[in-house]
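Structure of the sequence below:
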Amino acid sequence: MDISKGGMLMYVPAKVPVVPGQSIRLTVGGGGRPEFAKVTDKPIDATVVRVDRHKLLSMGYLAVGVQFANV
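Here you go, the predicted model:
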């Protein structure tokens, strides 16, 4: 949904087991969106810093904020 040099906000299916502090590895493709133009297809290590379980739960998603490591 939103990306910056230091991290991103993404929506994941509500059934995905995710908690703050969890280490994850992401691959972010450009997907034709201009804000992702400089994003590489290489895996990026990140840490989950926020999980909003109420914002989008009615639509079956969670809002998850992550901070990129070593970027």
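
and Tyr61, how many neighbours?
Close neighbours of Tyr61, defined as other C-beta atoms under 10 Å, add up to 18. Any C-beta I mention is one placed from the backbone N, CA and C, and that applies to glycine too.

Now do the SS call for the residue of the chain most remote from its centre.
Note on the chain: the largest C-alpha distance from the chain mean falls to Ser58, namely 19.2 Å (C-alpha atoms, centre = their mean). Recorded secondary structure, Ser58: helix (DSSP: H, G, I helix; E, B strand; the rest coil).

if I look at it, how far off is Gly21?
26 Å (C-beta to C-beta, to the nearest Å).

One more: Gly6?
The gap separating Gly6 from Gly21 is 17 Å, by C-beta to C-beta.

Show me which of these two is the more surrounded one.
With neighbours defined as other C-beta under 10 Å, Gly6 and Gly21 compare such that Gly6 has more, 10 against 7.

from memory the more buried one sits against Gln67, does it?
Yes. The criterion here is C-beta atoms under 8 Å, and Gly6 meets it with Gln67 at 6.1 Å.

By mean pLDDT, flag the weakest helix or strand of the chain.
When the helices and strands of the chain are scored by mean pLDDT, DSSP states H and E, strand 2-3 comes last with a mean of 80.

separation between Ser23 and Asp45?
On the measure of C-beta to C-beta, Ser23 and Asp45 end up 7 Å apart.

what about these two, which has more around it?
Asp45 (13 against 10).
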